[in-house]
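Student: give me the fold of what follows.
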Amino acid sequence: MERDINLAKNILNFFVQSPKPFGTIHEVKHALPGSPASDTIRYHLRLLADAGFIEGEESKLRVTWQGHEYLRTPVGKGRR
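Tutor: Sure, this is the predicted structure:
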């Protein structure tokens, strides 16, 4: 499966913009444009966890400090 950087950023932004400290895969799926397949979301959640940007299990996920910092970078903001 190909990595979709825009999907990964949308997932991170979901957590950052959420009023709750934790989210579930179900909440992520329904908040994303186009409702990507569950397997695609799981794959990208795993990639984000591998990078240290999120942590937790499917029923209790959260963005890490490193994930917040990534979104503040020019690349994380979508600029190059």
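
Student: quick one: contacts of stretch 9-29?
Tutor: Contact with stretch 9-29 is made by 31-33, 35-36, 38, 41-42, 44-45, 48, 53-54, 56, 58-63, 67-68, 70-71, 76, 78, as judged by Cβ atoms under 8 Å, 6 or more residues apart in numbering. Just so you know, the C-beta spots here come from the backbone N, C-alpha and C atoms, and that holds for glycine as well.

Student: and stretch 44-61, how far out from the chain middle?
Tutor: Centroid separation between stretch 44-61 and its chain, computed with Cα atoms, centre = their mean, to the nearest Å, is 7 Å.

Student: so how far does that stretch reach from one end to the other?
Tutor: In stretch 44-61, first residue to last residue: 13 Å (Cα to Cα, to the nearest Å).

Student: what's the pLDDT at residue 78?
Tutor: Confidence at residue 78, expressed as pLDDT, is 69.

Student: that older thread, looking at the contacts of stretch 9-29, which are in strands?
Tutor: Counting by DSSP state E, the contacts of stretch 9-29 place 54, 56, 60-63 in strands.

Student: helix or strand for the residue nearest to the spatial centre of the chain, which one?
Tutor: The centroid of the chain falls nearest to residue 11 when counting by Cα atoms, centre = their mean (2.7 Å). Element membership of residue 11 [criterion: DSSP states H and E] is helix 5-17.
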